[in-house]
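**Q** Predicted model follows, preceded by the sequence.
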Amino acid sequence: MNENRILNHILRVMKNLNFLIILYTSVMIFCGLQGYIQENTAMNFLAQVNTLPEAPWKIPVLTICLFGCCVLLMNMENIQGRGLVLKVCLELGIAVWISSFLGFSYTGMILLILADTIRYIPRTKGQIPFAVIIGLFYLLIDYDLITICRDIIPLDAYLAYYQKDVTAVWLGIRNVASSLNVLVFIIYMIMLMRVQMNEKERIMVLNERLDALYSDLLDANVQLEEYARESVKMAETKERNRLAREIHDTIGHALTGIITGIDACMALMDVAPEVAKKQLGAIGEVARQGMTDVRRSVRALRPDALEKFDLENALSRTINDMCTATNAEIEYQCDTRLDCFTEDEEDMIYRIVQESITNAIRHGHANYIRVLIGCTGDTLQISVKDNGIGCKDIKEGFGLHHMKERLEMLGGSLRYNGKEGFEVEACIPIRRGMEEV
């Protein structure tokens, strides 16, 4: 920020310096012409030139007005592309016009225009053509070259009115100011190059920091994936231990009582049949209690939605929740009753729809999913199709493998296709008339 503020100060100094040089030169010309007119020596002046001069008052007035217009153009910032080219052309045109009033004795305004223009071009490749074009323009705006094409009144003709020592002082002051303008321009360009080099260094440092942050992010991502895998393993181990405890406490306990009771019945069958019958009744009660405990354990594994609602409402709520959470459009159509299935079948239907929608959004990046459930004969058909990226080379992951495994346990089948989006088709045989044991 400080360096840019210094550049702005230097540019402001150049503008003020050019204003003073133009004003000073135009006043020299004005005084010379007025002197010729007041002393009635205008014929001597006209004898030195090949064209008529402007009215004396016009030269300082018009040059200052034109310089003000050029400064207004310079103050128009944040212009790029064709607008910048048009702005530079207008500024150069005004500079030539001012120089023509001054007999092309001063062309330092071209340096001011170059200094003002080059700061709007951020890229070095873009700065070089502009600098070359304006530099050539600066070299071509020369009195000797211009006189080849048109008649120009030289500055010496205006200064011939003064005595030689006065003329030397006039020209000395103006030449010092012109040299100072060139010096300020050089300082400005050096500062500009320094600012741009510092900016490049800052960009390089930022890029290095971004690379380091990206590397750290990759490492953190690897650690996070490792942590996720460990968390899954821990969850699986925890669930396996819980199931082992449930089996030990329910089925193991019931089977132990049954085995012990049967052994006792076998010993009493011949000796005390009535006692053996009572023992068998007790064994049956133990078996029924074990079955109740098993059902309770199985129910604990059911999805929470199926614990609170029936299958149809559970599916509707899950689909609505996914639509709300992901902004995906999910079309759901069910053409059959869903209240005639056993709990394990309901679990399977729910899991297939839930897993298929989740995969479509997570892996397929789909924003439209169609869920169709219907019956053909004694088979329930589930179709979940999305408009995602699909997958030509399908590798069966845990989700698909788990669905396929559970369907096969129920005598069903699973098909999938990833050519146009991704489609999952599941077929489940309907076990009508079967009652829960």
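**A** Cool, the structure landed.

**Q** now residue 384, what's its secondary structure?
**A** Under DSSP: H, G, I helix; E, B strand; the rest coil, the three-state class of residue 384 is strand.

**Q** I'd like to know how far it sits from residue 313.
**A** Counting by CB to CB, to the nearest Å, the gap from residue 384 to residue 313 is 19 Å. Every residue, glycine included, has its C-beta placed from N, CA and C.

**Q** In terms of neighbours, single out the busier of the two.
**A** residue 384 (25 against 13; other CB atoms under 10 Å).

**Q** Which secondary structure state does the residue nearest to that one when sequence neighbours are not counted sit in?
**A** Closest residue in space to residue 384, ignoring its immediate chain neighbours: residue 356 at 3.7 Å, by CB to CB, 6 or more residues apart in numbering. At residue 356 the chain is in helix, as set by three-state DSSP.

**Q** Which residues are in contact with residue 356?
**A** Going by CB atoms under 8 Å, 6 or more residues apart in numbering, residue 356 touches 371, 384, 424.

**Q** Please name the residues that touch the last one.
**A** Each residue near residue 424 by CB under 8 Å, 6+ apart is listed here: 352, 356, 382-385, 403, 414-416.

**Q** List only those of those residues flagged as buried.
**A** 352, 356, 382-385, 403, 414, 416 (16 or more other CB atoms under 10 Å).

**Q** part of a helix, is residue 56?
**A** No - judged by three-state DSSP, residue 56 forms no part of a helix; its state is coil.

**Q** I'd guessed residue 29 sits against residue 102; true?
**A** Yes - in this structure residue 29 lies within contact range of residue 102 using CB atoms under 8 Å: 6.9 Å.

**Q** Compare those two (neighbour count), which wins?
**A** Per other CB under 10 Å, whichever of residue 29 and residue 102 has more neighbours is residue 29, with 24 against 20.

**Q** Distance check, residue 320 against residue 386.
**A** 17 Å.

**Q** Could you do residue 5 as well?
**A** Applying CB to CB to residue 5 and residue 386 gives a distance of 57 Å.

**Q** The two: who's more crowded?
**A** Using other CB under 10 Å, the more surrounded residue of residue 5 and residue 386 is residue 386, with 27 against 9.

**Q** residues in contact with the more buried one?
**A** Contacts of residue 386 by CB under 8 Å, 6+ apart are 360, 364, 366, 368-370, 421-423.

**Q** ok, 10 Å please
**A** Residue 386 sits next to 328, 330, 356-357, 359-361, 363-371, 420-424 when contact means CB atoms under 10 Å, 6 or more residues apart in numbering.

**Q** Of these, which belong to helices?
**A** If you go by DSSP state H, the contacts of residue 386 have 356-357, 359-361 in helices.

**Q** from the residues you listed, which would you call buried?
**A** Burial by neighbour count, judged by 16+ other CB under 10 Å, picks out 356-357, 359-361 from the ones in helices among the contacts of residue 386.

**Q** Just give me the closest of those to residue 171.
**A** Of all these, the one with the least separation from residue 171 (CB to CB) is residue 361, at 82.5 Å.

**Q** doesn't residue 322 make contact with the closest one?
**A** Yes - using CB atoms under 10 Å, residue 361 is in contact with residue 322, at 7.2 Å.

**Q** just to revisit the earlier point, now, among the ones in helices among the contacts of residue 386, which is nearest to residue 37?
**A** Nearest member of the ones in helices among the contacts of residue 386 to residue 37, counting by CB to CB, is residue 361, at 90.8 Å.

**Q** can I see the domain layout of the chain?
**A** The chain breaks down into these domains under automatic domain parsing: 2-162, 220-300, 304-429.

**Q** Kindly report which one of those carries the lowest mean pLDDT.
**A** With a mean of 73, domain 220-300 has the lowest mean pLDDT of these.

**Q** Okay then, goodbye and thanks.
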